[in-house]
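Student: got a sequence here, can you model it:
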Amino acid sequence: MMLEIRNLEAGYGKKQVVFGLSLDIREGEIVALIGPNGAGKSTVLKAICGLIPTWKGEIRFGGVPTNGSTPAQNVARGMTFCPQGNRVFDELTVMENLEIGGFQLPKKNLKVRIEEVLGVFPVLKERLQQEAGNLSGGEQQMLSLSRAMVPRPRLLLLDEPSLGLSPNLVASVFGRIAEIGRQTGVAMLVVEQKVREVLAISQRVYSLKLGRVAFVGASASLKDDKNKLRDLFL
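Tutor: Predicted coordinates:
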């Protein structure tokens, strides 16, 4: 098992957001985390990667407890996080953004890793000296994914990769995510509001409602169940 979470509770200040959540991800598996706005999805990702503390429960990554670990420690273990919203460092070049993704790597390894990710996203190879803020929305998302892949993670946490993208770019980005999974075998936990798109590329799905797990099952079983999807989002 790549990631094991048992009875997680977390929140901000005195406000509890996540209540008794348990979740598993196997090696090489893509798992979707869905639910209405305010359900606690992003909070779960932040707790896993160490951006916020866990109040109760246990998180184990590769069999090792990570409660209290910093984001840098989790990156060193093989876990990376792609946040929603501002995905790139606008005033830095594409190459500088990629180098930040491998800040913990020796220089000789960093060069090899960057070449690897450029093989998956060749369009970025033509823009290495361009400021990231001048890229299109789809290219910025590709850069964000590439930067997260530079350390060659075992687990990739994605927070709404479709946010702000046009429908055509959404399809392209989800195609890239699926391709990364096939080519590298990295496990992924994907928070996403584009439910049908994320169910199409994932093997299993967890749905949250008010900070609690409301559904766990195979993505294929939920994808075409309109009544169940409606119930989960009401």
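
Student: just the element for the residue nearest the centre of the chain, please.
Tutor: Central residue of the chain (CA atoms, centre = their mean): residue 158, 1.6 Å from the mean position. Take DSSP states H and E as the rule and residue 158 turns out to sit in strand 155-159.

Student: so for that strand, mean pLDDT?
Tutor: For strand 155-159, the mean per-residue pLDDT is 96.

Student: list the contacts of it.
Tutor: Residues outside strand 155-159 that contact it (CB atoms under 8 Å, 6 or more residues apart in numbering): 2-3, 25, 41-42, 45, 48-49, 61, 78-84, 145, 148-149, 177, 180, 186-192. For the C-beta atoms, the positions are set from N, CA and C on the backbone; glycine is no exception.

Student: quick one, strands of the protein?
Tutor: 3-12, 15-25, 30-34, 56-61, 64-65, 79-82, 155-159, 187-191, 204-209, 212-218 (DSSP state E).

Student: turn the ones you listed into a markdown table, including distance to residue 71.
Tutor: Listed next are these as a markdown table, based on distance: least, CB to CB, whole Å:
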| stretch | distance to residue 71 |
| --- | --- |
| strand 3-12 | 15 |
| strand 15-25 | 18 |
| strand 30-34 | 19 |
| strand 56-61 | 13 |
| strand 64-65 | 16 |
| strand 79-82 | 7 |
| strand 155-159 | 11 |
| strand 187-191 | 15 |
| strand 204-209 | 22 |
| strand 212-218 | 24 |
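
Student: now do the contacts for residue 91.
Tutor: So residue 91 contacts 131, 132, 133 (CB under 8 Å, 6+ apart).

Student: next: residue 72.
Tutor: residue 104 are the contacts of residue 72 under CB under 8 Å, 6+ apart.
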